[in-house]
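**Q** no sequence for this one, just the structure:
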């Protein structure tokens with residue numbers, strides 16, 4: 001289990017499936033930009049995602065990096081299935097986590113696209 005995960009017990013843990021494009025962008029960003037990678041989410045004040053290979057932790061940076069939610073236990077895939085969705089567990093640590101989880105993934109993917117594009121131009 002990741003060192004990023006808080007000692008807190010999650011309110012709830014749900015099985016989730018991540019879009020292949022989002023998962024692949026995050027993995028590529030970790031390879032090119034380093035790990036752990038902290039990404040501020042556009043449009044979500046104070047929310048940031050800290051990416052590691054085995055855990056993506058969404059935190060509220062305005063409240064001392066209080067955990068909001070975390071994606072963990074990604075099922076590893078074969079190289080020829082990069083287009084397939086990825087199963088994982090979603091840990092909810094805050095009562096508002098369900099409200100932001102979808103938008104947080106969209107914002108993360110947008111930000112990673114931008115950061116990876118900028119990195120490839122340098």
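**A** Ah, there it is. Keep in mind that this is a model prediction, so the values were computed, not measured. Numbers count the residues shown, from 1 in each chain.
**Q** which of the residues in the helix or strand of the chain with the lowest mean pLDDT are buried?
**A** Here the helix or strand of the chain ranked lowest by mean pLDDT, DSSP states H and E is helix 97-121, holding a mean of 85. Neighbour counts over helix 97-121 (16 or more other C-beta atoms under 10 Å) mark 97, 100, 101, 104, 105, 107, 108, 109, 111, 112, 115 as buried. C-beta here means a position set from N, CA and C on the backbone, and glycine is covered the same way.
**Q** Repeat that for stretch 62-76.
**A** Quick answer for stretch 62-76 (16+ other C-beta under 10 Å): 67, 68, 69, 70, 71, 72, 73, 74.
**Q** secondary structure element for the second one?
**A** Secondary structure assigned from DSSP states H and E places residue 68 in strand 66-72.
**Q** What strands line up against that strand, and which way round?
**A** strand 55-60 (antiparallel), strand 86-92 (antiparallel) (DSSP bridges).
**Q** tell me the angle of the first one relative to helix 97-121?
**A** Computed with axes from the mean of the first three to the mean of the last three C-alpha atoms, to 10 degrees, the direction of strand 55-60 lies at 110 degrees from that of helix 97-121.
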